[in-house]
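Student: For reference, the sequence and a predicted model appear below.
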Amino acid sequence: MNGQNGKDKPPSRILLRKFLTFLIFSFVVSLLSIVEVPKSVPEYREGDIALKNVKAKQDTYVPEMGITLKKDEIVIREGERVKEEHLRKLSALRFREEETSRLPKQLALLTTLFFFVTSILHEFAEKNIKKYHITQKDLIFALSLTVFLLTLIKALSVLINSFVPSLYRDLIYASPLFLYGMMLRIVLFSEVTFVFSSIVPLFIYFMSHDVTFTVFAFFSSVLAAFFARHCENRNTVLKAGVYSSVIANFLILLLSTLSEGESENIIIRMGLVFFSGISSSFLTLGLLPMVENLFDYTTDIRLLELANLEHPLLEQMMVNAPGTYHHSIIVGNLCKAAAEKIGAHPLLARVGAYYHDIGKLRMPHYYIENRQGFEDAHKNLTPNMSALIILSHVKEGAELAEKYRLGKKIKDIIQQHHGTSLCAYFFSRAKENENPDLHVIEEKDFRYPGPKPQTKEAGIVMLADQVEASSRVLEDPTPKRIENHVQKIIENVFLDGQLDECELTLKDLYAIQKSFTSILTAMFHHRVEYPERKDYAGPDNRQSEKDKNGQKVDKKHHGRIISLFRN
């Protein structure tokens, strides 16, 4: 178990990688925020007819021209004849646009701002939010997803400003904002989703300069994450998009009520929000397989696919290593129940248990559960060689996990489910035959390579594996004997230090023990001994020789069938 109260200080190279990651991200987002394509202020001459409405995108003050414009103030309307006053205001807008397009200074300022905001929030979350565990890979994924979302919003903004700039403040709600919360929650977890959903609105504001849209972006991401939190099938993603967009439309109504001038095209805006929810769902479904392969993530949807007992590896195990297959299924049930009791990930624990012993497929008959009908394969081997074969199933399992792309989470459980525990049977045999003058038997040669379990799920699989395997040798498995046996196994694993590096607490271990005991007691329950029927016709003499339709029953036919079984 992890006895540390804080998080270990990361080495300097990890800090440097984070620094560079945030810096590159901030630079890219700054570019997206300040680059305007195309220029929004058209060129007119006095007397021309305006082809579209021209608005001030932000508060504009040009003292040299004596021009002051408020944000969203209409400078000239579509179809209006251009006058000298219009030209002066358009010149002011063009001057301000050229001023804001001075990239180097603005780029430096925004990059610095974004860098400090993202890095400080990330460090704060790492040190103060207990469940905020994020690797460099997770960080790169989250920031890449942020850039992807902002690029989509920017592209949509350019299209709107090019063709229908007057509807910009409505059409921008077609952006797939719900995609962000869904993807982060499905791939990572809620704490990371909330932290990054809090950062993204800052970037969106600098791109859109729209407070209402910025507030909406935050809530839409959080809503999508909430409805996608138990994503165990692809329908959940579609439902998350629908439910999020429906609730988000109530937010649109509220914001339009609070903001002046926001209710002109409210129906269009609400329809676009619903479209955004649906399109975000389909985008998420399309991107998930790519993300799983590119970043080697194992989502709940992928875990459900792996839980299918028709998976090629499980089918191979059922045919070639039936004892291991049966053991793995029972261990999976034990793990699922225990994980539910302690608030771990039941699906991950169950699927990890299904595949934890796939390494035994290479040489199945060297393992006692698959030895039916075969002589002892270890009979003519030295204890050292036998131990080497047994210990190798962890390495073989990890290789099969890579080959079949089971994902890092499953591979980690395979590598950690024995930790650095001792292969006690062959070690004791080796010690019995030890000749100190020729060769000293060292315990380290009979221990698994590790690492020890790093997660609750891996720790649960380790305990369930040992409890299930050892419970098979129990004589007269009464409830009390089962309880004592489970307690003893868990104590031995704990005292051997195998749980030092995972987050299982003593309270968790007690709950796991109770869960295992309950299931094993049900498995080993005693049945009532049924008396053997002495005379087949005896009990049936009380029955009518006619069936319920009034027709005679041919009892001779039944008698012939029974005689076949007796012979």
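Tutor: Nice, thanks for sending it over. Numbers count the residues shown, from 1 in each chain.

Student: Need the phi and psi values for N484.
Tutor: When quoted as degrees, to the nearest 10, the phi and psi of N484 stand at phi -60, psi -40.

Student: Same question for L177.
Tutor: The phi and psi torsions at L177 (degrees, to the nearest 10) take the values phi -70, psi -30.

Student: My read is that it contacts A217, right?
Tutor: Yes - using CB atoms under 8 Å, L177 is in contact with A217, at 5.2 Å. C-beta: built from backbone N, CA, C; applies to glycine.

Student: Point me to the helix or strand that includes I389.
Tutor: In this assignment (DSSP states H and E), I389 forms part of helix 383-403.

Student: Quick check: what element follows that helix along the chain?
Tutor: Helices and strands here follow DSSP H and E; after helix 383-403, the next one along the chain is helix 408-416.

Student: Report the mean per-residue pLDDT for that following helix.
Tutor: Mean pLDDT, helix 408-416: 96.

Student: just checking, what packs against that helix?
Tutor: For helix 408-416, the elements it packs on are helix 346-355, helix 383-403, helix 456-471, judged by 3 or more CB pairs under 8 Å, 6 or more residues apart in numbering; DSSP states H and E.

Student: From the recorded domain assignment, give the ranges for this structure.
Tutor: If you go by automatic domain parsing, the domain ranges for the chain are 12-36+102-297, 54-100, 320-523, 539-566.

Student: So for E46, which of those domains sits nearest?
Tutor: Closest of the domains of the chain to E46 is domain 54-100, at 5.7 Å (criterion: CB to CB).

Student: hmm, back to that, using TSV, lay out the domains of the chain together with distance to Y44 and mean neighbour count.
Tutor: Listed next are those as TSV, based on distance: least, CB to CB, whole Å; neighbours: other CB atoms under 10 Å:
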stretch	distance to Y44	mean neighbour count
domain 12-36+102-297	15	18
domain 54-100	5	15
domain 320-523	59	19
domain 539-566	96	9
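
Student: what residue ranges in the chain score low on pLDDT?
Tutor: Per-residue confidence for the chain (pLDDT under 70) gives these ranges: 1-11, 36-40, 58, 61, 63-64, 96-103, 260-264, 373-374, 437, 525-567.

Student: Taking helix 408-416 as reference, get the angle to the helix ranked longest in it.
Tutor: Across the chain, the longest stretch assigned as helix under DSSP state H is helix 266-295. Helix 266-295 runs at 30 degrees relative to helix 408-416, counting by axes from the mean of the first three to the mean of the last three CA atoms, to 10 degrees.

Student: Which other helices and strands does helix 266-295 contact?
Tutor: Secondary-structure packing of helix 266-295 (3+ CB pairs under 8 Å, 6+ apart): helix 136-163, helix 168-171, helix 178-187, helix 211-227, helix 234-258.

Student: Export the third one to CSV, keeping only CA atoms.
Tutor: Output of helix 178-187 as CSV, limited to C-alpha atoms (Å, rounded to 0.1, in the frame of the first residue of the first chain):
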residue,chain,number,x,y,z
PHE,A,178,-19.7,18.8,-26.5
LEU,A,179,-16.9,16.8,-28.2
TYR,A,180,-14.4,18.1,-25.7
GLY,A,181,-16.0,16.9,-22.5
MET,A,182,-17.1,13.6,-24.0
MET,A,183,-13.6,12.7,-25.3
LEU,A,184,-11.8,13.7,-22.1
ARG,A,185,-14.2,11.9,-19.8
ILE,A,186,-14.3,8.7,-21.8
VAL,A,187,-10.5,8.5,-22.3
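
Student: Which SSE is immediately downstream of it?
Tutor: With DSSP H and E, the next secondary element past helix 178-187 is helix 190-208.

Student: between that next one and helix 211-227, how many degrees?
Tutor: Computed with the same axes, to 10 degrees, the direction of helix 190-208 lies at 160 degrees from that of helix 211-227.

Student: Can we start the residue count at 39 from this point?
Tutor: In the new numbering, first residue 39, that becomes helix 228-246.

Student: Return the distance of stretch 496-516 from the chain's centre.
Tutor: Remark: stretch 496-516 is offset 29 Å from the chain centroid, using CA atoms, centre = their mean, to the nearest Å.

Student: and if you look at stretch 242-253?
Tutor: In terms of CA atoms, centre = their mean, the centre of stretch 242-253 is found 29 Å from the chain centre.

Student: Put the alpha carbons of it into CSV.
Tutor: Extracted in CSV, the C-alpha atoms of stretch 242-253 (Å, rounded to 0.1, in the frame of the first residue of the first chain):
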residue,chain,number,x,y,z
ILE,A,242,-12.4,30.5,-26.8
TYR,A,243,-13.0,34.0,-25.5
PHE,A,244,-9.8,35.3,-27.2
MET,A,245,-11.0,33.8,-30.4
SER,A,246,-14.6,34.8,-30.3
HIS,A,247,-14.7,37.8,-28.0
ASP,A,248,-18.1,36.6,-27.0
VAL,A,249,-18.8,36.2,-23.3
THR,A,250,-22.1,34.4,-23.8
PHE,A,251,-20.5,31.8,-26.1
THR,A,252,-17.5,31.4,-23.7
VAL,A,253,-19.8,30.7,-20.7
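
Student: So which residues make contact with it?
Tutor: 70-72, 95-96, 109, 148, 188, 191-192, 195, 207, 210-211, 239, 255, 293, 297, 300 (CB atoms under 8 Å, 6 or more residues apart in numbering).

Student: Go again with 7 Å.
Tutor: With contacts defined as CB atoms under 7 Å, 6 or more residues apart in numbering, stretch 242-253 is touched by 70-71, 95-96, 148, 188, 191-192, 195, 207, 210, 239, 255, 293, 297, 300.

Student: just stretch 54-70 next, same as before
Tutor: Counting by CB under 7 Å, 6+ apart, residues outside stretch 54-70 touching it are 145, 148-149, 152-153, 156-157, 174, 177-178, 181, 185, 188-189, 192, 241, 245.

Student: let's go with 8 Å and repeat that
Tutor: The contact list for stretch 54-70, computed with CB under 8 Å, 6+ apart, reads 144-145, 148-153, 156-157, 160, 174, 177-178, 181, 184-185, 188-189, 192, 241, 245.

Student: how big is the angle separating the longest helix of the chain from helix 174-201?
Tutor: With the same axes, to 10 degrees applied, the angle from helix 304-333 to helix 174-201 works out at 140 degrees.

Student: Go ahead and name everything in contact with the helix or strand just after helix 304-333.
Tutor: Following helix 304-333 in sequence order, the next helix or strand is helix 338-344 (DSSP H and E). With contact meaning CB under 8 Å, 6+ apart, helix 338-344 is reached by 224, 268-272, 326, 330, 336, 349, 385-386, 389, 392-393, 444-445, 448.

Student: buried ones in helix 338-344?
Tutor: D338, I339, R340, L341, L344 (16 or more other CB atoms under 10 Å).

Student: I'd like the next helix or strand past that helix.
Tutor: Next in sequence after helix 338-344, counting helices and strands by DSSP H and E, comes helix 350-358.

Student: just checking, what packs against the next helix or strand after that next one?
Tutor: Reading on from helix 350-358 to the C-terminus, the next helix or strand found by DSSP H and E is helix 360-380. For helix 360-380, the packing partners by 3+ CB pairs under 8 Å, 6+ apart come out as helix 350-358, helix 384-393, helix 494-509, helix 544-561.

Student: which of the residues in the first one are buried?
Tutor: The reference is to helix 350-358. L351, L352, M355, M356.

Student: just curious, which of the residues you listed is nearest to L460?
Tutor: M355 (25.5 Å).
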